[in-house]
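Participant: any chance you can model this:
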Amino acid sequence: MVVSTLTTRPPAQRLLALALRRCRDAEIAWEERVDLDLAALDNPRRLGGWGLRVNYEGGLGFAWGALQEAPENLLEQAVEASRDQPGQGVLFSHGLPFSPANQLLEPVDLGPVAEDLQRLVARIQFLLPSLLSGWNTRIRGGVRFQRMTLTTRSGEQTAHRTLVYVAVHADEPAPIHTSFISRRVPDHPGELLCELAWRAAHSKPPKKGLESLSGTRPALFSPGATAALLRDLAADVLDARNPGELEGLSPRITLTDDGQQPEGPGSTPFDAEGQARRPVLLLGGGRLQLYLCDRLHARRLKQELQPLAVRDWGRPPRPGFSNLVLSPGDSSLPEMARGLKDGILLDHLVPCDALRAPGEFCRLAQLAFKLKNGRPAERLAPMLVRARYASVLGSELGQLSRETSWHGRCLTPALSCASVQLEMAEGARESGEDPGTWW
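Facilitator: Next up is the predicted model:
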């Protein structure tokens with residue numbers, strides 16, 4: 001099986017020459033994406049396109065088109081868009097670590113990666129009936145290839161990455177799931193299967209149905225729940241487009257954006273604006289250190305430029321994170337559970353449409369378990385979980401586990417806190433969650 005990436009190269013140098021004759025500065029990003037679904041390997045989904053950003057008379061404009069789009073058309077669209085953002089123009093070339101020579105784009109064969117993933121999924125399918133006897137399960141897996149090339153008057157830089165993902169869902173007798181996104185195919189499915197087996201063991205509802213709790217309770221966030229907390233923190237507080245306040249943090253909290261993590265799904269050599277990726281401290285020393293800023297918002301906030309720009313498919317750069325890394329503590333998950341005694345264990349938290357106050361975390365707990373004497377006793381009915389970021393990460397922070405694991409683009413430990421607010425989930429609807437940015 002041979003699944004190769006695209007090799008079409010648009011006339012980027014021609015477009016750049018045209019743009020620089022009319023504009024103060026210009027940047028071209030051309031992108032390629034190939035998605036392989038293990039259920040349909042003979043039908044890969046291929047996408048390609050290129051975008052132009054210009055600084056035209058001090059305005060910032062962007063246009064996107066297919067690789068076949070005429071350079072003249074893209075330039076006219078970008079110039080016209082710049083008139084809607086007067087005074088927002090930035091310079092794209094200054095200080096970027098570009099090489100002066102064009103780099104050849106070699107095709108990449110995704111077949112071996114897909115074959116390795118097929119073998120892993122086959123092992124999961126073979127073992128699942130023994131672990132989840134009587135459960136109705138389904139498995140989905142795939143491979144995603146991403147490549148981006150940035151071209152400015154400083155030169156051209158290109159990079160690519162390949163991600164694999166697997167998700168296992170069970171609907172009956174109670175909904176449970178687990179998944180991973182990784183830079184490589186794991187050697188074995190042990191961690192994934194352990195998560196499923198543990199959740200299944202505590203998810204069989206008693207005859208009276210799942211119990212509902214309300215009020216204030218001490219809580220233990222699993223590493224996956226901690227990752228959900230950090231993703232919302234990044235969107236609600238750290239994003240420079242709508243920066244929030246965060247005071248009174250525990251000095252034990254150290255949060256870094258690290259696009260150099262070898263195993264990180266969000267790792268890239270450079271960010272969406274060409275800045276070389278490196279670890280950037282966001283929270284530390286008991287306070288907020290930096291906001292997530294692209295070039296435009298760093299200037300607005302008078303913050304030193306950092307590699308904190310991301311790019312959604314077919315869109316201009318925006319503030320965002322590569323990989324969020326929360327430093328671990330020195331406790332184990334069993335020790336933390338015993339410390340809470342009769343609290344709750346929050347495991348899988350999903351976004352929802354419930355109203356929330358500024359600086360407040362609120363998600364729907366699809367998977368949560370009641371703790372009795374420090375051990376999971378039974379699964380709870382879905383409920384709303386609320387807490388203030390400054391409390392969970394500050395005055396009410398308990399322990400952090402020494403073990404960390406990847407959940408999407410977050411490398412996180414388990415976390416305990418003195419209290420969260422639980423509410424009935426009636427009327428709250430689950431919202432979709434984007435697994436991550438394009439670049």
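
Participant: where does pLDDT dip in this protein?
Facilitator: Across the chain, the ranges flagged by pLDDT under 70 are 1-7, 94-104, 205-212.

Participant: roughly how far does the residue nearest the centre of the chain sit from Pro262?
Facilitator: Nearest to the mean C-alpha position of the chain, by C-alpha atoms, centre = their mean, lies Gly436 at 3.7 Å. Counting by C-beta to C-beta, to the nearest Å, the separation of Gly436 from Pro262 is 17 Å. Just so you know, the C-beta spots here come from the backbone N, C-alpha and C atoms, and that holds for glycine as well.

Participant: OK, contacts around the closest residue to Gly248 other than its chain neighbours?
Facilitator: Nearest non-adjacent residue to Gly248, counting by C-beta to C-beta, 6 or more residues apart in numbering: Gly394, 4.4 Å away. Gly394 makes contact with Glu247, Gly248, Leu249, Ser250, Ile253 under the criterion C-beta atoms under 8 Å, 6 or more residues apart in numbering.

Participant: buried subset of the residues you listed?
Facilitator: Of all these considered here, the ones buried according to neighbour count by 16 or more other C-beta atoms under 10 Å are Leu249, Ser250, Ile253.

Participant: which ones are touching the second one?
Facilitator: This means Ser250. Gly286, Leu393, Gly394, Ser395, Leu397.

Participant: SS state for the closest residue to the last one other than its chain neighbours?
Facilitator: Of all residues beyond its chain neighbours, the one nearest Leu397 is Ser250 (4.6 Å), with distances taken as C-beta to C-beta, 6+ apart. Three-state secondary structure (criterion: DSSP: H, G, I helix; E, B strand; the rest coil) places Ser250 in coil.

Participant: tell me where the stretch 151-300 of the chain has strands.
Facilitator: 155-172, 176-182, 215-221, 255-257, 280-284, 287-288 (DSSP state E, counting those that start in this stretch).

Participant: return the most buried member of those strands.
Facilitator: Most buried of those, by mean neighbour count (mean count of other C-beta atoms under 10 Å): strand 255-257, with a mean of 23.

Participant: how far off centre is that strand?
Facilitator: 13 Å (C-alpha atoms, centre = their mean, to the nearest Å).

Participant: and what of stretch 58-76?
Facilitator: 28 Å.

Participant: can you name the residues in contact with it?
Facilitator: 8, 10-11, 14-15, 18-19, 22, 24, 30, 48-54, 77-90, 296, 314-316.

Participant: can you list which of those residues are found in helices?
Facilitator: Arg14, Leu15, Leu18, Ala19, Arg22, Gln77, Ala78, Val79, Glu80, Ala81, Ser82, Leu296 (DSSP state H).

Participant: grab the nearest non-local neighbour of the last one.
Facilitator: The reference is to Leu296. Here the nearest residue to Leu296 in space, its sequence neighbours aside, is Val90; by C-beta to C-beta, 6+ apart that works out to 5.5 Å.

Participant: same question for the fourth one.
Facilitator: Beyond its immediate neighbours in the sequence, the residue positioned closest to Ala19 (C-beta to C-beta, 6+ apart) is Ala26, lying 3.6 Å away.

Participant: in contact with that neighbour, which residues?
Facilitator: Contacts for Ala26 (C-beta under 8 Å, 6+ apart) come out as Leu15, Leu16, Ala19, Leu20, Leu52, Arg53, Val54, Asn55, Phe92, Thr152, Arg153.

Participant: report the two of the residues you listed separated the most.
Facilitator: Maximum pairwise distance in the contacts of Ala26, criterion C-beta to C-beta, is 15.0 Å, between Leu15 and Asn55.

Participant: picking up where we left off before, now do the SS call for the residue nearest to the centre of the chain.
Facilitator: With three-state DSSP as the criterion, Gly436 reads coil.

Participant: so who does the nearest residue to it once chain neighbours are set aside touch?
Facilitator: Beyond its immediate neighbours in the sequence, the residue positioned closest to Gly436 (C-beta to C-beta, 6+ apart) is Arg409, lying 5.2 Å away. By C-beta under 8 Å, 6+ apart, Arg409 lies in contact with Ile181, Gly264, Pro265, Gly266, Phe321, Ser322, Asn323, Leu324, Gly436.

Participant: surely the fourth one and Gly320 touch.
Facilitator: I take that to be Gly266. No - with contacts counted by C-beta atoms under 8 Å, Gly266 stays clear of Gly320, the gap being 9.0 Å.

Participant: returning to what we had before: quick check, the residue nearest to Gly248 in a helix?
Facilitator: Yes - Gly394: assigned to a helix according to three-state DSSP.

Participant: distance of it relative to Arg287?
Facilitator: Distance from Gly394 to Arg287, by C-beta to C-beta: 10 Å.

Participant: follow-up on the earlier one: quick one: which of the strands of the stretch 151-300 of the chain is nearest Ile344?
Facilitator: Proximity to Ile344, assessed across the strands of the stretch 151-300 of the chain by C-beta to C-beta, is greatest for strand 215-221 (5.2 Å).
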